[in-house]
Structures are given as structure tokens and as C-alpha cells.
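Asker: Model the following, please.
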Amino acid sequence: MSITINPLEGRTFGATVNNVRLADIEDGLWEKIHSAFLEFAVLIFPDQHLTEPQQNLFALRFGKTEQLAPQQKGASLPISNKKPDGSLVRPEDQGYKLLRGNEGWHTDSTYMPLASKAAMLLAIEVPEVGGETEFADMRAAWDELDLNKKEQLDALSAYHSLYYSQERAGFKHQTDNIYGLHDKGAPLRPVIKTHPETGRKSIYTGRHAYGIPGMTEEDSKEFLDSLMRDACQPPRTYKHKWTPGDLVVWDNRCVMHRARPYDESLPRVLRGARISGEPESELAETFLDQRADSFIPSSSNISSMI
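Answerer: Numbering: from 1, shown residues only. Below you'll find the model as predicted:
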């Protein structure tokens, strides 16, 4: 039976892909998957149950992968509230704070010099209630804007900082030069992004964005919050209820996502991989981030502690 790609009903984006084994795909099939990825921006692959090496190989089909933690050995790593010893993270743990922060709409790695191209998650152990991942189509959000709003947004940029977004979520972090909590500075990125492969425009902000030049801090905050509230509305959103074995991959260049709350006394274990963007389209100049302890401008995402 040949691969089937079924668009999500009632949504502006997303598709479910069936009759495919990601552990064993040939180049011709990969071209179909990649074409669907560019068209639908979010692809759902049920019942995959990939091993870590298999997921790593699939992730590398999309490009180079990011190293998100010193202990990461391959292309992927756990995105989990379960520690290696089997216990669950606690509110005082940095991992807990970062997981909770990710409940806000965001695009991966915009706070790094080189933003992410794509990302994927594979469900391993998930709660029966809550813990979904929700996605929002920023291409359709742009398409819905009137001409005056488009012209206004096209002229704007915003800084991006994980310190900022975590602080707004109620968490403060020290500069430790682990991924995101670095001294590389805050990248300045356009509020509207043109996709380097499709040419489509999309809103490119999220929880890490702040400080639009030319606006006061409060005016910028209210403007960006309002923009995201309006953008992340049906039919431009899709909430994925995880089943063990599901693999979902999304295009960070045109899609926002967020984790949804769940009972924190239960394990939620996914394995993720994040694909690096191409410098020609995803690299941004960095500037002083006053929430960090120091500032050493860099065009590299590699941590000095890795």
C-alpha cells in the first residue's frame, strides 16, 4: 500500500501521513514527505515507535541537528519531566522551569544566533489527560491581515531572549552558557518572515520576542501579545493528543507551538530533535541582553560548556 497524506479537516495546515515506516524510507519517498512538509508545515506520523538511532537518521534527513544539552550524544534527546533516575522534576529544578515555560506560544531557537529550521517529537510515555502539543499556522495568520497591518508589520523587528520569556512565565535563570541561557546576546529578527523555500510570509514572534525598536517596553509587549492572541485562533490551530509511537514534525519557520498543562505527578516522556536553520536565512545579529550576566557576541549556537 502506498503512502497516504491526509490534510487535517477544518484546519489551514497540517496533515496525517499513513502507510509509511520512517525507520526505512528511500529517497523517492523522502521527496514526497519533504514536499508535504513544505506544503502542510506540520506532519503527523502515527504508530512509528522509532528507536533513538532510527529517529536520529530521520531527523538528519531535514539537515544538521542542534546540540541542546551537554549530555546529548546524537541528533535527539529526551524532552521529559522524568529524570535519568526515574524521579520526576520538581519546581525548583531548571528542567521543570523550562518545561513550564514552553506552555507559551513559541518558535524554537529564535533566542539563539541561528534559529531552528524544523523540529520533531516522538511520544514514548504520555499522560491520558493533558500534555498535548498545540500548533498555530503563522502563514494563514499573515494571509488574514489587511494591507495596512501587513505594511506596518513588514517594517518591524523584535529582539528574542529565553531569559525574557522565562521571566514572564515566572522563572529566573542564571547565565550558565547552556543552550539558550547564554551570553551571546539577544538576536534581532523581523516580525514577518519570508520562508526561504516556499516564499510565503508568516508572523514570526512568539513568547521569546520583545523590545520592538521605536516602541516603549510596555507598548511593545502589548503589541506583540495582541498580535499573537489574534494569530493563534481556529482554524489556524491544531492540538495534538499524543499516543505512544506518534511522531510529529513541524516547520519552525512558519509554525508556532506550545505544550499544554498536565498532571505533573505523572510522567510525560517524548524524544525530540531540532534541526538547525541555514545561516543564509536563519542567522541574526545579536545585541546586549540585559538579563544575562555578560555579552560576548557570537554567530554560533555552540555552548562554551559543551
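
Asker: Now do the SS call for Q71.
Answerer: Under DSSP: H, G, I helix; E, B strand; the rest coil, Q71 falls in the coil class.

Asker: Contact partners for it?
Answerer: Residues in contact with Q71 (Cβ atoms under 8 Å, 6 or more residues apart in numbering) are L77. Using the backbone N, CA and C atoms, a C-beta is placed for each residue, glycine as well.

Asker: mind showing which ranges of this protein have poor pLDDT?
Answerer: Scanning the chain for pLDDT under 70 picks out 1, 70, 177, 304-306.

Asker: do that again at 90, thanks
Answerer: Within the chain, the stretches with pLDDT under 90 are 1, 26-27, 66-78, 84, 93-95, 172, 174, 176-180, 300-306.

Asker: Not counting its neighbours along the chain, what's nearest the residue most central in space within it?
Answerer: Of all residues in the chain, the one closest to the mean position by Cα atoms, centre = their mean is D108, 3.3 Å from it. Spatially, and ignoring its direct neighbours in sequence, D108 is nearest to S116 (4.0 Å; Cβ to Cβ, 6 or more residues apart in numbering).

Asker: close enough to count as contact, the one you found and H106?
Answerer: No: the pair formed by S116 and H106 falls short of the contact definition of Cβ atoms under 8 Å, at 10.6 Å.

Asker: Please look at P187 and A284 and confirm they touch.
Answerer: Yes: using Cβ under 8 Å, P187 is in contact with A284, at 3.8 Å.

Asker: what is in contact with the two at once?
Answerer: Residues touching both P187 and A284 (Cβ under 8 Å, 6+ apart): P113, A115.

Asker: what's near enough to touch the residue nearest to the centre of the chain?
Answerer: By Cβ under 8 Å, 6+ apart, the contact list for D108 reads A115, S116, A119, N252, R274.

Asker: The second one: neighbouring residues, count only.
Answerer: Number of residues near S116 (other Cβ atoms under 10 Å) recorded here: 22.

Asker: The third one now?
Answerer: Neighbourhood size, A119 [other Cβ under 10 Å]: 24.

Asker: Buried residues in stretch 190-203, which are they?
Answerer: Applying a neighbour-count criterion of 16 or more other Cβ atoms under 10 Å, one finds P190, V191, I192, K193, H195, R200, K201, S202, I203 buried in stretch 190-203.

Asker: now the residue nearest to D108, which residues is it bridged with?
Answerer: Counting by DSSP bridges, S116 forms beta bridges with S276.

Asker: what sits against it?
Answerer: E66, T107, D108, S109, T110, N252, R274, I275, S276, G277, E282.

Asker: Any chance of a markdown table for those residues, columns distance to K97 and secondary structure?
Answerer: As requested, the contacts of S116 are exported to a markdown table (distance: Cβ to Cβ, whole Å; DSSP: H, G, I helix; E, B strand; the rest coil):
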| residue | distance to K97 | secondary structure |
| --- | --- | --- |
| E66 | 20 | coil |
| T107 | 19 | coil |
| D108 | 17 | coil |
| S109 | 18 | coil |
| T110 | 19 | coil |
| N252 | 22 | coil |
| R274 | 19 | strand |
| I275 | 25 | strand |
| S276 | 25 | strand |
| G277 | 25 | coil |
| E282 | 26 | helix |
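
Asker: would CSV of those residues with distance to D137 be doable?
Answerer: Shown next, in CSV, are these (distance: Cβ to Cβ, whole Å):
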residue, distance to D137
E66, 23
T107, 12
D108, 16
S109, 19
T110, 17
N252, 13
R274, 20
I275, 19
S276, 23
G277, 19
E282, 19
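
Asker: Thank you, goodbye.
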